[in-house]
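Asker: Let me see the structure of the following:
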Amino acid sequence: MNDRPQEKRIELVRVALHNATAAMIGLELDDRPRFESSLGARVPEDWPPEILAGAVPIFQARLENEPHLSQGWLAWYMILKDDGGSGPVLIGNCGFKGPPGADGLVEISYSVLTAYQNRGYGSEAVAGLLAWAFAHAEVSCVAATTYPELRPSVRLLEKLGFQYVGEGSSWREIRYLLTRPRYARDEGRGTRDENEE
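Answerer: Predicted structure coming up:
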């Protein structure tokens with residue numbers, strides 16, 4: 001496996017995904033103008049999403065210590081291609097907790113800035129990331145966790161074919177799974193829903 005960090009981009013309909021590297025996260029933390037230039041997108045003042053604020057330095061350390069994760073198995077920036085005529089803007093983050101294990105399982109996560117929620121951008125991004133993951137033969141199942149009160153997140157997972165499997169590992173967390181056979185059967189579902197994250 002090539003461990004050299006390479007920038008990747010997944011072009012979708014309204015959003016694009018750009019994989020994170022340790023160098024990009026360094027710019028995110030220390031040099032906002034160069035970070036914007038590197039992404040080719042405006043970075044809102046309230047970046048990152050609140051849930052990720054403490055995680056960004058952890059992502060950077062993991063990418064420095066495990067460079068193979070920069071191949072797409074950790075963080076991806078979610079970029080809205082055109083924010084009402086004002087050009088591209090960074091609106092969220094999605095990714096995995098690491099590469100597939102021996103059982104073929106990967107766990108996905110996603111977060112969208114509040115101002116851009118409930119417009120279907122999260123659904124489109126997660127659908128794109130699922131297609132990327134299942135293009136790797138070693139991936140047999142994708143897991144996700146959320147909280148029952150986060151109805152847009154629950155709807156997003158259910159719409160994309162995930163099935164509820166029970167409690168997660170943390171208090172109040174619920175867990176969903178999407179197997180390769182179910183994904184293959186449901187591939188091509190629509191991903192746009194104005195009432196989803």
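
Asker: Name the residue most distant from the centre of this structure?
Answerer: Gly85 (24.3 Å; Cα atoms, centre = their mean).

Asker: Give the residue spans of the chain that score low on pLDDT.
Answerer: Counting by pLDDT under 70, the chain contains low-confidence residues at 1-7, 188-197.

Asker: what's the single longest helix in it?
Answerer: helix 121-134 (DSSP state H).

Asker: So what touches that one?
Answerer: 10, 12-15, 17, 72, 76, 78, 80, 91-92, 94-96, 106, 108, 110, 112, 139, 142, 152-153, 156, 159-160, 178, 180, 183-184, 187, 189, 191-193, 196-197 (Cβ atoms under 8 Å, 6 or more residues apart in numbering). Backbone N, C-alpha and C define where each C-beta goes, glycine included.

Asker: Please pick the buried ones from the residues you listed.
Answerer: Buried members of the contacts of helix 121-134, counted by 16 or more other Cβ atoms under 10 Å: 10, 12, 14-15, 17, 72, 76, 78, 80, 91-92, 94-96, 106, 108, 110, 112, 139, 142, 152-153, 156, 159-160, 178, 183, 191, 193, 196-197.

Asker: Is the residue sitting nearest the centre point of the chain bridged to anything, and to what?
Answerer: Centre of the chain computed as the mean C-alpha position; nearest residue by Cα atoms, centre = their mean is Cys94, 1.5 Å away. Judged by DSSP bridges, the bridge partners of Cys94 are Trp76, Tyr110.

Asker: So it versus Leu130, what's the distance?
Answerer: 10 Å (Cβ to Cβ, to the nearest Å).

Asker: Ile91 too?
Answerer: Distance from Ile91 to Leu130, by Cβ to Cβ: 18 Å.

Asker: same question, Trp47
Answerer: In terms of Cβ to Cβ, Trp47 sits 24 Å off from Leu130.

Asker: And Leu90, by the same measure?
Answerer: In terms of Cβ to Cβ, Leu90 sits 21 Å off from Leu130.

Asker: Test my guess that Cys141 contacts Arg180.
Answerer: Yes: look at Cys141 against Arg180 with Cβ atoms under 8 Å: they come within range, at 6.7 Å.

Asker: Cool, thanks, signing off.
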